[in-house]
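Undergrad: mind folding the following:
(chains A, B, C and D, ligands or ions: 4)
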There are 2 protein chains.
Amino acid sequence: MLKIGELASKTGLTAHTIRFYEKNGLINASERSDAGYRYYTEADVRQAEFVKTARKVGFSVDDVATLLSIRVDKSNHTCQDVTDITQRKLIDVNEKISELLSMQQTLEILLNSCGGGLESATHCSIMEALDASNALNARSFVQ
Amino acid sequence: MLKIGELASKTGLTAHTIRFYEKNGLINASERSDAGYRYYTEADVRQAEFVKTARKVGFSVDDVATLLSIRVDKSNHTCQDVTDITQRKLIDVNEKISELLSMQQTLEILLNSCGGGLESATHCSIMEALDASNALNARSFVQ
DNA sequence: TATAAACTTAGAGTAAACTCTAAGGTCAAG
DNA sequence: CTTGACCTTAGAGTTTACTCTAAGTTTATA
Ligand SMILES: [Zn+2]
Ligand SMILES: [Zn+2]
Ligand SMILES: [Zn+2]
Ligand SMILES: [Zn+2]
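TA: Ligands and ions are numbered 1, 2, ... in the order given. You can find the predicted model right below:
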(Lines give C-alpha, C1' and ligand atoms only; values in the text may rest on other atoms or scores of the structure.)
(Ligands and ions follow the chains in the order given, each with its own letter.)
Protein backbone atom coordinates (compact mmCIF):
# COMPACT_ATOMS: atom_id res chain seq x y z
CA MET A 1 0.00 0.00 0.00
CA LEU A 2 1.37 3.33 -1.05
CA LYS A 3 0.76 6.72 0.43
CA ILE A 4 -0.13 9.56 -1.88
CA GLY A 5 3.42 10.83 -2.12
CA GLU A 6 4.61 7.41 -3.15
CA LEU A 7 1.91 7.10 -5.77
CA ALA A 8 2.93 10.54 -6.94
CA SER A 9 6.56 9.69 -7.40
CA LYS A 10 5.67 6.36 -8.93
CA THR A 11 3.40 7.90 -11.55
CA GLY A 12 4.95 11.31 -12.08
CA LEU A 13 1.74 12.99 -11.00
CA THR A 14 1.83 15.33 -8.04
CA ALA A 15 -0.07 14.63 -4.84
CA HIS A 16 -2.09 17.75 -5.60
CA THR A 17 -3.03 16.43 -9.00
CA ILE A 18 -3.97 13.05 -7.59
CA ARG A 19 -6.33 14.71 -5.11
CA PHE A 20 -7.71 16.79 -7.93
CA TYR A 21 -8.31 13.65 -9.96
CA GLU A 22 -10.00 12.08 -6.98
CA LYS A 23 -12.36 15.02 -6.74
CA ASN A 24 -13.11 14.43 -10.40
CA GLY A 25 -13.71 10.74 -9.95
CA LEU A 26 -10.59 9.46 -11.69
CA ILE A 27 -8.55 7.96 -8.90
CA ASN A 28 -9.73 6.68 -5.55
CA ALA A 29 -7.64 5.35 -2.72
CA SER A 30 -8.66 1.81 -1.89
CA GLU A 31 -8.18 2.53 1.79
CA ARG A 32 -7.84 5.30 4.27
CA SER A 33 -5.91 5.10 7.51
CA ASP A 34 -7.58 6.14 10.75
CA ALA A 35 -5.92 9.49 10.35
CA GLY A 36 -7.37 9.84 6.88
CA TYR A 37 -4.20 9.06 4.93
CA ARG A 38 -4.88 7.68 1.48
CA TYR A 39 -3.51 4.22 0.76
CA TYR A 40 -3.23 2.91 -2.75
CA THR A 41 -3.02 -0.67 -4.02
CA GLU A 42 -1.23 -1.91 -7.10
CA ALA A 43 -4.55 -1.80 -8.93
CA ASP A 44 -4.82 1.85 -7.98
CA VAL A 45 -1.38 2.42 -9.41
CA ARG A 46 -2.44 0.85 -12.68
CA GLN A 47 -5.50 3.01 -12.78
CA ALA A 48 -3.47 6.12 -12.10
CA GLU A 49 -1.19 5.11 -14.94
CA PHE A 50 -4.16 4.55 -17.21
CA VAL A 51 -5.29 8.06 -16.36
CA LYS A 52 -1.89 9.51 -17.03
CA THR A 53 -1.61 7.74 -20.36
CA ALA A 54 -5.09 8.75 -21.44
CA ARG A 55 -4.39 12.36 -20.51
CA LYS A 56 -1.17 12.29 -22.49
CA VAL A 57 -3.04 11.01 -25.52
CA GLY A 58 -5.14 14.14 -25.25
CA PHE A 59 -8.31 12.89 -23.61
CA SER A 60 -9.92 15.43 -21.31
CA VAL A 61 -10.45 14.68 -17.66
CA ASP A 62 -14.11 14.09 -18.47
CA ASP A 63 -13.19 11.75 -21.31
CA VAL A 64 -10.96 9.84 -18.96
CA ALA A 65 -13.81 9.53 -16.48
CA THR A 66 -15.92 8.00 -19.22
CA LEU A 67 -13.13 5.69 -20.31
CA LEU A 68 -12.71 4.56 -16.72
CA SER A 69 -16.39 3.82 -16.40
CA ILE A 70 -16.00 1.58 -19.43
CA ARG A 71 -12.84 0.09 -18.01
CA VAL A 72 -14.46 -1.10 -14.83
CA ASP A 73 -17.40 -2.60 -16.69
CA LYS A 74 -16.06 -3.66 -20.04
CA SER A 75 -18.60 -6.38 -20.64
CA ASN A 76 -21.42 -3.87 -20.59
CA HIS A 77 -19.78 -1.62 -23.12
CA THR A 78 -18.88 -1.93 -26.74
CA CYS A 79 -15.86 -1.15 -28.83
CA GLN A 80 -17.96 1.54 -30.42
CA ASP A 81 -18.31 3.28 -27.08
CA VAL A 82 -14.55 3.51 -27.03
CA THR A 83 -13.98 4.45 -30.65
CA ASP A 84 -16.64 7.16 -30.43
CA ILE A 85 -14.67 8.96 -27.77
CA THR A 86 -11.43 8.37 -29.61
CA GLN A 87 -12.84 9.50 -32.93
CA ARG A 88 -14.18 12.69 -31.39
CA LYS A 89 -10.84 13.39 -29.83
CA LEU A 90 -9.05 12.85 -33.11
CA ILE A 91 -11.33 15.28 -34.90
CA ASP A 92 -10.66 17.74 -32.14
CA VAL A 93 -6.93 17.32 -32.40
CA ASN A 94 -7.02 17.60 -36.18
CA GLU A 95 -8.88 20.88 -35.95
CA LYS A 96 -6.38 22.31 -33.56
CA ILE A 97 -3.53 21.13 -35.74
CA SER A 98 -4.86 22.83 -38.81
CA GLU A 99 -5.40 26.09 -36.98
CA LEU A 100 -1.88 25.92 -35.66
CA LEU A 101 -0.41 25.01 -39.03
CA SER A 102 -2.05 28.06 -40.51
CA MET A 103 -0.55 30.20 -37.77
CA GLN A 104 2.79 28.55 -38.25
CA GLN A 105 2.78 29.29 -41.95
CA THR A 106 1.84 32.91 -41.42
CA LEU A 107 4.45 33.39 -38.72
CA GLU A 108 7.13 31.91 -40.95
CA ILE A 109 6.16 34.16 -43.83
CA LEU A 110 6.27 37.13 -41.49
CA LEU A 111 9.68 36.18 -40.16
CA ASN A 112 11.07 35.62 -43.62
CA SER A 113 9.87 39.03 -44.68
CA CYS A 114 11.77 40.85 -41.94
CA GLY A 115 15.49 41.00 -41.36
CA GLY A 116 14.97 41.49 -37.64
CA GLY A 117 17.92 43.82 -37.31
CA LEU A 118 18.40 46.82 -35.09
CA GLU A 119 17.09 49.31 -37.61
CA SER A 120 13.97 51.24 -36.86
CA ALA A 121 10.66 49.45 -37.14
CA THR A 122 9.33 52.28 -39.24
CA HIS A 123 9.18 50.12 -42.32
CA CYS A 124 9.03 46.74 -40.63
CA SER A 125 7.37 44.35 -43.02
CA ILE A 126 5.79 42.39 -40.19
CA MET A 127 4.06 45.49 -38.88
CA GLU A 128 3.07 46.38 -42.40
CA ALA A 129 1.69 42.95 -43.05
CA LEU A 130 -0.36 42.96 -39.85
CA ASP A 131 -1.63 46.36 -40.87
CA ALA A 132 -2.03 45.57 -44.52
CA SER A 133 -4.55 42.87 -43.84
CA ASN A 134 -6.90 45.78 -43.29
CA ALA A 135 -6.73 46.75 -46.93
CA LEU A 136 -5.23 43.65 -48.49
CA ASN A 137 -7.47 41.65 -46.24
CA ALA A 138 -7.33 38.22 -44.77
CA ARG A 139 -6.96 36.58 -48.17
CA SER A 140 -3.43 37.84 -48.62
CA PHE A 141 -1.57 35.97 -45.94
CA VAL A 142 -3.83 35.16 -43.04
CA GLN A 143 -5.31 31.90 -44.19
CA MET B 1 -17.44 58.23 -36.32
CA LEU B 2 -18.76 54.78 -35.54
CA LYS B 3 -20.51 53.57 -32.46
CA ILE B 4 -19.36 50.36 -30.85
CA GLY B 5 -21.97 48.25 -32.59
CA GLU B 6 -20.89 49.60 -35.95
CA LEU B 7 -17.26 48.94 -35.21
CA ALA B 8 -18.32 45.48 -34.14
CA SER B 9 -20.11 44.65 -37.34
CA LYS B 10 -17.33 46.24 -39.39
CA THR B 11 -14.60 44.15 -37.77
CA GLY B 12 -16.43 40.98 -36.89
CA LEU B 13 -15.64 41.47 -33.23
CA THR B 14 -18.50 41.75 -30.77
CA ALA B 15 -19.17 44.89 -28.76
CA HIS B 16 -18.40 42.83 -25.69
CA THR B 17 -15.05 41.83 -27.06
CA ILE B 18 -14.22 45.39 -28.04
CA ARG B 19 -14.91 46.56 -24.49
CA PHE B 20 -12.82 43.69 -23.22
CA TYR B 21 -9.99 44.75 -25.50
CA GLU B 22 -10.35 48.29 -24.25
CA LYS B 23 -9.97 47.10 -20.68
CA ASN B 24 -6.79 45.38 -21.84
CA GLY B 25 -5.46 48.41 -23.59
CA LEU B 26 -5.88 47.23 -27.17
CA ILE B 27 -8.58 49.48 -28.54
CA ASN B 28 -9.62 52.91 -27.33
CA ALA B 29 -12.44 55.04 -28.61
CA SER B 30 -11.11 58.36 -29.85
CA GLU B 31 -14.14 60.09 -28.44
CA ARG B 32 -16.97 59.67 -26.03
CA SER B 33 -20.34 61.35 -26.35
CA ASP B 34 -21.78 63.24 -23.39
CA ALA B 35 -23.76 60.15 -22.58
CA GLY B 36 -20.59 58.08 -22.60
CA TYR B 37 -21.08 56.38 -25.95
CA ARG B 38 -17.85 55.31 -27.57
CA TYR B 39 -17.09 56.84 -30.97
CA TYR B 40 -14.47 55.38 -33.22
CA THR B 41 -12.52 56.98 -36.07
CA GLU B 42 -11.21 55.29 -39.20
CA ALA B 43 -7.83 55.04 -37.48
CA ASP B 44 -9.55 53.20 -34.66
CA VAL B 45 -11.05 50.81 -37.17
CA ARG B 46 -7.62 50.11 -38.62
CA GLN B 47 -6.28 49.48 -35.15
CA ALA B 48 -9.14 47.13 -34.36
CA GLU B 49 -8.39 45.28 -37.57
CA PHE B 50 -4.72 45.11 -36.68
CA VAL B 51 -5.75 43.57 -33.38
CA LYS B 52 -8.01 41.07 -35.05
CA THR B 53 -5.35 40.05 -37.53
CA ALA B 54 -2.69 39.73 -34.88
CA ARG B 55 -4.99 37.59 -32.75
CA LYS B 56 -5.74 35.37 -35.71
CA VAL B 57 -2.03 34.87 -36.28
CA GLY B 58 -1.89 33.51 -32.76
CA PHE B 59 -0.51 36.42 -30.78
CA SER B 60 -1.88 36.63 -27.27
CA VAL B 61 -3.74 39.70 -26.09
CA ASP B 62 -0.59 40.70 -24.24
CA ASP B 63 1.53 40.23 -27.34
CA VAL B 64 -0.88 42.38 -29.28
CA ALA B 65 -0.58 45.08 -26.62
CA THR B 66 3.16 45.02 -27.10
CA LEU B 67 2.86 45.07 -30.87
CA LEU B 68 0.55 48.05 -30.62
CA SER B 69 2.98 49.90 -28.43
CA ILE B 70 5.54 49.39 -31.17
CA ARG B 71 3.01 50.37 -33.80
CA VAL B 72 2.34 53.77 -32.32
CA ASP B 73 6.02 54.51 -31.90
CA LYS B 74 7.77 52.66 -34.68
CA SER B 75 10.76 54.96 -34.86
CA ASN B 76 11.72 54.12 -31.31
CA HIS B 77 11.58 50.40 -31.91
CA THR B 78 13.54 47.99 -34.00
CA CYS B 79 12.68 45.16 -36.31
CA GLN B 80 14.25 42.91 -33.73
CA ASP B 81 11.64 43.99 -31.21
CA VAL B 82 9.07 42.69 -33.64
CA THR B 83 10.83 39.51 -34.70
CA ASP B 84 11.51 38.62 -31.08
CA ILE B 85 7.83 38.47 -30.37
CA THR B 86 7.12 36.68 -33.61
CA GLN B 87 9.92 34.19 -33.07
CA ARG B 88 8.69 33.39 -29.60
CA LYS B 89 5.21 32.87 -30.90
CA LEU B 90 6.44 30.57 -33.63
CA ILE B 91 8.36 28.45 -31.15
CA ASP B 92 5.23 28.31 -29.06
CA VAL B 93 3.10 27.24 -31.99
CA ASN B 94 5.65 24.66 -33.08
CA GLU B 95 5.65 23.12 -29.63
CA LYS B 96 1.91 22.85 -29.62
CA ILE B 97 1.92 21.37 -33.08
CA SER B 98 4.34 18.66 -32.17
CA GLU B 99 2.39 17.72 -29.08
CA LEU B 100 -0.75 17.54 -31.14
CA LEU B 101 0.91 15.55 -33.91
CA SER B 102 2.01 13.03 -31.35
CA MET B 103 -1.53 12.79 -30.05
CA GLN B 104 -2.85 12.52 -33.56
CA GLN B 105 -0.54 9.67 -34.36
CA THR B 106 -1.42 7.81 -31.21
CA LEU B 107 -5.13 8.31 -31.72
CA GLU B 108 -4.89 7.04 -35.27
CA ILE B 109 -2.98 3.97 -34.18
CA LEU B 110 -5.58 3.34 -31.51
CA LEU B 111 -8.44 3.69 -33.96
CA ASN B 112 -6.78 1.42 -36.48
CA SER B 113 -6.34 -1.22 -33.83
CA CYS B 114 -10.03 -1.38 -32.98
CA GLY B 115 -12.92 -2.35 -35.18
CA GLY B 116 -15.30 -0.19 -33.20
CA GLY B 117 -18.19 -2.59 -33.57
CA LEU B 118 -20.96 -3.44 -31.17
CA GLU B 119 -19.13 -6.31 -29.57
CA SER B 120 -18.19 -6.12 -25.94
CA ALA B 121 -15.28 -3.93 -24.98
CA THR B 122 -13.84 -6.81 -22.97
CA HIS B 123 -10.94 -7.21 -25.33
CA CYS B 124 -10.98 -3.74 -26.86
CA SER B 125 -7.51 -3.01 -28.12
CA ILE B 126 -7.81 0.66 -27.31
CA MET B 127 -8.54 -0.07 -23.69
CA GLU B 128 -5.75 -2.60 -23.68
CA ALA B 129 -3.32 -0.13 -25.18
CA LEU B 130 -4.17 2.56 -22.66
CA ASP B 131 -3.69 -0.04 -19.95
CA ALA B 132 -0.68 -1.66 -21.49
CA SER B 133 1.33 1.49 -21.27
CA ASN B 134 1.62 0.55 -17.63
CA ALA B 135 3.72 -2.45 -18.45
CA LEU B 136 4.74 -1.75 -22.02
CA ASN B 137 5.28 1.82 -20.94
CA ALA B 138 5.28 5.10 -22.70
CA ARG B 139 7.92 3.98 -25.20
CA SER B 140 5.56 1.64 -26.98
CA PHE B 141 3.05 4.00 -28.51
CA VAL B 142 2.74 7.12 -26.49
CA GLN B 143 5.52 9.20 -28.03
C1' DT C 1 -44.36 60.89 -27.97
C1' DA C 2 -43.67 56.21 -27.59
C1' DT C 3 -41.19 52.24 -28.36
C1' DA C 4 -37.37 49.39 -29.61
C1' DA C 5 -32.73 49.01 -30.44
C1' DA C 6 -28.47 50.23 -28.88
C1' DC C 7 -25.69 51.95 -25.46
C1' DT C 8 -23.54 52.38 -20.44
C1' DT C 9 -21.18 50.24 -16.06
C1' DA C 10 -19.19 47.05 -12.67
C1' DG C 11 -18.68 42.84 -11.87
C1' DA C 12 -19.68 37.89 -12.11
C1' DG C 13 -19.47 33.62 -14.83
C1' DT C 14 -17.31 30.16 -18.06
C1' DA C 15 -14.01 26.74 -19.57
C1' DA C 16 -10.08 23.40 -18.37
C1' DA C 17 -6.84 21.60 -15.57
C1' DC C 18 -4.59 22.33 -12.34
C1' DT C 19 -1.99 24.77 -8.36
C1' DC C 20 -1.58 26.61 -4.11
C1' DT C 21 -2.70 28.14 0.73
C1' DA C 22 -3.75 27.95 5.50
C1' DA C 23 -3.95 25.67 9.48
C1' DG C 24 -3.29 21.86 11.46
C1' DG C 25 -2.58 16.42 12.33
C1' DT C 26 0.67 12.18 11.85
C1' DC C 27 4.61 9.36 11.61
C1' DA C 28 9.42 7.58 11.37
C1' DA C 29 14.01 8.35 12.86
C1' DG C 30 17.49 9.77 16.10
C1' DC D 1 10.47 13.30 23.06
C1' DT D 2 11.47 16.16 19.21
C1' DT D 3 12.25 17.24 14.68
C1' DG D 4 11.12 17.26 9.88
C1' DA D 5 8.91 15.22 6.22
C1' DC D 6 4.51 14.04 4.91
C1' DC D 7 -0.32 13.96 5.33
C1' DT D 8 -5.28 16.13 5.88
C1' DT D 9 -9.21 19.55 4.46
C1' DA D 10 -11.91 23.21 2.25
C1' DG D 11 -11.59 26.48 -0.58
C1' DA D 12 -9.36 30.18 -3.16
C1' DG D 13 -6.28 31.41 -6.97
C1' DT D 14 -4.20 30.90 -11.78
C1' DT D 15 -4.35 31.33 -16.84
C1' DT D 16 -6.53 32.98 -21.20
C1' DA D 17 -9.93 35.08 -23.56
C1' DC D 18 -13.79 36.06 -23.52
C1' DT D 19 -19.05 36.11 -22.45
C1' DC D 20 -22.80 37.42 -20.03
C1' DT D 21 -25.87 39.86 -16.61
C1' DA D 22 -28.37 43.42 -14.36
C1' DA D 23 -30.09 47.65 -14.10
C1' DG D 24 -30.38 51.64 -16.06
C1' DT D 25 -29.64 55.52 -20.04
C1' DT D 26 -29.82 57.26 -24.83
C1' DT D 27 -31.06 57.55 -29.45
C1' DA D 28 -33.38 56.70 -33.74
C1' DT D 29 -37.60 55.86 -35.85
C1' DA D 30 -42.58 55.66 -36.70
ZN1 LIG E 1 -21.37 2.29 -23.13
ZN1 LIG F 1 10.90 44.23 -39.59
ZN1 LIG G 1 11.34 48.21 -28.28
ZN1 LIG H 1 -12.17 -1.96 -29.36
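Undergrad: just the strands in chain A please.
TA: A:31-32, A:38-39 (DSSP state E).
Undergrad: closest residue of chain A to ligand 4?
TA: A:Cys79 (3.2 Å; CB to the ion). Quick note: C-beta positions are derived from backbone N, CA and C, even for glycine.
Undergrad: related to what we said a few turns ago, wait, which of the strands of chain A is closest to ligand 3?
TA: strand A:38-39 (51.5 Å).
Undergrad: what's next to that closest one, contact-wise?
TA: Residues from elsewhere that reach strand A:38-39, judged by CB atoms under 8 Å, 6 or more residues apart in numbering or on different chains: A:1-4, A:7, A:22, A:29-33.
Undergrad: turn those into CSV, including neighbour count, pLDDT and distance to A:Gln104.
TA: CSV is the format used below for the contacts of strand A:38-39 (neighbours: other CB atoms under 10 Å in any protein chain shown; pLDDT from 0 to 100; distance: CB to CB, whole Å):
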residue, neighbour count, pLDDT, distance to A:Gln104
A:Met1, 15, 92, 48
A:Leu2, 19, 95, 43
A:Lys3, 14, 97, 44
A:Ile4, 20, 97, 40
A:Leu7, 22, 97, 38
A:Glu22, 14, 97, 38
A:Ala29, 20, 97, 43
A:Ser30, 13, 95, 46
A:Glu31, 12, 94, 49
A:Arg32, 10, 95, 49
A:Ser33, 11, 94, 51
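Undergrad: point out the residues in chain A that sit beside ligand 4.
TA: For chain A, the residues in contact with ligand 4 (CB under 5 Å from the ion) are A:Cys79.
Undergrad: again, 6 Å this time
TA: Counting by CB under 6 Å from the ion, the residues of chain A close to ligand 4 are A:79, A:82.
Undergrad: tell me which stretches of chain A form helices.
TA: Along chain A, counting by DSSP state H, helices occupy A:4-11, A:15-23, A:42-57, A:61-71, A:79-113, A:125-132.
Undergrad: now do the longest one and helix B:125-132, the angle between them.
TA: Looking back up the chat, that one is helix A:79-113. Inter-element angle recorded for helix A:79-113 and helix B:125-132: 70 degrees (by axes from the mean of the first three to the mean of the last three CA atoms, to 10 degrees).
Undergrad: excluding chain neighbours, what is closest to the most centrally placed residue in chain A?
TA: Taking CA atoms, centre = their mean, the centroid of chain A lies closest to A:Gly58, which sits 4.6 Å from it. Spatial nearest neighbour of A:Gly58, chain neighbours left out: B:Met103 (3.9 Å); criterion: CB to CB, 6 or more residues apart in numbering or on different chains.
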